[in-house]
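Enquirer: Build me a model:
(2 chains)
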Number of protein chains: 2
Amino acid sequence: MSTEPMRERVTTYVKSLQDQIVKALEELDPTAPPFKRDSWTRPQGGEGQSCVFAVPPAEDGTPSVNTVLEKAGVNISVVHGMLPPPAIKQMRADHSTIPFDPEKPTSLPFFAAGISLVIHPRNPFAPTVHANYRYFEITDPDAKVKEGNADAATATAKKEPLAWWFGGGSDLTPSYLFDEDAAHFHRTLKTACDAHGSALFPALKKWCDEYFFIPHRSESRGVGGIFFDDLTDGPHQRLTVASPESAPERPRTAEEIFAFVRACGDCFVQSYVPILEKRMNTPTEAHHRRWQLLRRGRYVEFNLVYDRGTKFGLMTPGARVESILMSLPETARWEYMSEVGTAENSEEARLVEVLKNPKDWA
Amino acid sequence: MSTEPMRERVTTYVKSLQDQIVKALEELDPTAPPFKRDSWTRPQGGEGQSCVFAVPPAEDGTPSVNTVLEKAGVNISVVHGMLPPPAIKQMRADHSTIPFDPEKPTSLPFFAAGISLVIHPRNPFAPTVHANYRYFEITDPDAKVKEGNADAATATAKKEPLAWWFGGGSDLTPSYLFDEDAAHFHRTLKTACDAHGSALFPALKKWCDEYFFIPHRSESRGVGGIFFDDLTDGPHQRLTVASPESAPERPRTAEEIFAFVRACGDCFVQSYVPILEKRMNTPTEAHHRRWQLLRRGRYVEFNLVYDRGTKFGLMTPGARVESILMSLPETARWEYMSEVGTAENSEEARLVEVLKNPKDWA
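Expert: Purely as a prediction, here's the structure:
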């Protein structure tokens, strides 16, 4: 078991995962321009690196159709600062170890490290994918440093956090449904989860279906995957069972949970790249592209209206808006009462049917 | 002065205004397909008509470039039903005549009639425009009917409302700024306002700049116009003056306010169609279209993240989502850290400058 503080281990991990994923995507399309690496620092504390793929349109209007990806971002951020009392109060609901005195509301130091990615391929038969894994800590501003003789940054890192948790997930959003792709994606995640506790996959699959839902359309954003938040060493509302004898099999310690999160992150390339490879050269017609752009409109609707990360991000003063909105597709389309997707037995209607009635793919 | 109930007069007005506006747009582009008239009824009570313009793309992918408009909707709705206690409580903040007993929260009948339009032209030099005028009533479920011997519907209409108000506005969103267009739009609205009270235009212009603002971009959605809400016969927070001697010149009675709202609606065609006519055949290059689509992305961001009408609409069970999202452009674009609009002295940067620092155009 490592004695290195978790915040440093997670930071090292998300950096190496970012490298691994960007490399895999670049290798898939060697003639495309490389991802643009864009490092930034946060004036209030912390830093990050955005790795972004985009091909600006030619000035003469010729469409750029020769790259596998249309728009993609694989971002990491490692930030710290002070959380104001309202945020503390809200987090306390899931983390009772965070002190909160309504009579004397105070800010508390936080640390967050994570990776967040969205990949929008060009071919309408290749699905969009999203993944995000993150670690969060609330620390006691007055805590004793465990070991003396350290500089300030190391000292902070070595304080016992008041609360810590992991969150994340990965989900697939096709415009055209290939059952074998959805099954491959889910099975890859299930295998990764199952090695760390049999309770994980069923609970996190269900949570994913619930989270990535667009109420005003009565449909899911995509065909799901896994989603989780607030995973720490205490009990978790979504990982309980009816009878106490059959304690749910789940990772319990920080060490076990970090190993589980790494397993999810490590399987990302395997869960997605083979699908992309299989679909990226499918011959397409104009109406396939039209449907893809309409589906991307729904993606925008979910992200801007419902996604908590996006909403929270946009409301945060000093937030890096370009990184937050990196998730939006290059192009999206809206038609009033579009007839596309309504023809019975069409491929488009088959997708909509599954979005309205999520399936077990694993 | 008419003895007809206001709800009926407003209904007649928005219907005729819809006809007038759709006709003006159709006459401007006689070879384009006509607007599609789409009547609907609301299961919970009421009806509406959407008049929508769209040209679906050809199946072979040929872009349809021969119409003046790309996407437009001119919708009216006349609906009634019961407002639940939380909505009543919220409305009471601006309308003290609405009864609300926290011990005994009850639902109250409401009536709403309005017109709402958004026009997205195809040419990047022709601006997008939005306008919306609406009338709202809360009625007492137990009120005595003023005149006997009437059928149920007429009886309801003739009850004195517990509260009533008008809201609305009109604003212009260009991708390329022509000072003369912004001035024409604002001056037309100012003339309409000034005839009904000198306090109106300055207050409603300011309100418009404040409302159509995208905080996460630190910029306005467009070059403004007018915006107002909760305009009734009582005092209005935005229409007060420092000294009581100089009472603000504003419409005070229902009759006067309705006349003011009609003046705004009646000047819509004059405020916008001449601009559209002047710009619709401007020669364009691919980068103009790219910038237009990026600006439409910002339009989507405002409407989905901040617009109260859209958010309220999407959260309302049984709402007609297709009508609410009719405001979204046919196509929008997002680029990470786009360099378009950043070049000093460019036409794109000139627009951004004005969106960050709203001007007095009238």
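Enquirer: all strands of the stretch 201-350 of chain A, in order?
Expert: A:213-214, A:219-220, A:224-231, A:331-333 (DSSP state E, counting those that start in this stretch).
Enquirer: I'd like the ones you listed written out as JSON lines, with mean neighbour count and mean pLDDT added.
Expert: Placement of C-beta: from N, CA and C, glycine included. As requested, the strands of the stretch 201-350 of chain A are exported to JSON lines (neighbours: other C-beta atoms under 10 Å in any protein chain shown; pLDDT from 0 to 100):
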{"stretch": "strand A:213-214", "mean neighbour count": "18", "mean pLDDT": "97"}
{"stretch": "strand A:219-220", "mean neighbour count": "21", "mean pLDDT": "98"}
{"stretch": "strand A:224-231", "mean neighbour count": "23", "mean pLDDT": "97"}
{"stretch": "strand A:331-333", "mean neighbour count": "24", "mean pLDDT": "97"}
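Enquirer: Where does pLDDT dip in chain A?
Expert: Applying pLDDT under 70 to chain A picks out residues A:1, A:58-65, A:143-158, A:241-248.
Enquirer: Which strands border the one helix or strand A:Gln49 maps to, and is each parallel or antiparallel?
Expert: Using DSSP states H and E, A:Gln49 falls within strand A:46-54. Counting by DSSP bridges, the strands paired with strand A:46-54 are strand A:36-41 (antiparallel), strand A:69-83 (antiparallel).
Enquirer: For it, give me every contacting residue.
Expert: Strand A:46-54 is contacted by residues A:15, A:18, A:22, A:25, A:32-33, A:35-42, A:67, A:69, A:71-81, A:320, A:322-323, A:326, A:330, B:335-337 when judged by C-beta atoms under 8 Å, 6 or more residues apart in numbering or on different chains.
Enquirer: need the residues of the stretch 201-350 of chain A near chain B, please.
Expert: The stretch 201-350 of chain A comes close to chain B at residues A:215-217, A:285-287, A:289-290, A:293, A:297, A:300-301, A:304-305, A:311, A:314-315, A:319, A:321-322, A:325-326, A:328-337, as judged by C-beta under 8 Å from any C-beta of the partner chain.
Enquirer: Which entries within those meet the buried criterion?
Expert: Buried residues within those, counting neighbours by 16 or more other C-beta atoms under 10 Å in any protein chain shown: A:216-217, A:287, A:289-290, A:293, A:297, A:300-301, A:304-305, A:314, A:321-322, A:325-326, A:328-336.
Enquirer: Looking at those, which are in helices?
Expert: A:His287, A:Arg289, A:Arg290, A:Leu293, A:Gly297, A:Val300, A:Glu301, A:Leu314, A:Val321, A:Glu322 (DSSP state H).
Enquirer: From these, pick the one nearest B:Ile226.
Expert: Nearest to B:Ile226 among these is A:Leu314, at 26.8 Å by C-beta to C-beta.
Enquirer: so the closest one sits right up against B:Val305, yeah?
Expert: Yes. Under the criterion of C-beta atoms under 8 Å, A:Leu314 makes contact with B:Val305 at 6.5 Å.
Enquirer: intersection of neighbour lists for those two?
Expert: B:His216.
Enquirer: Fine by me, thanks again.
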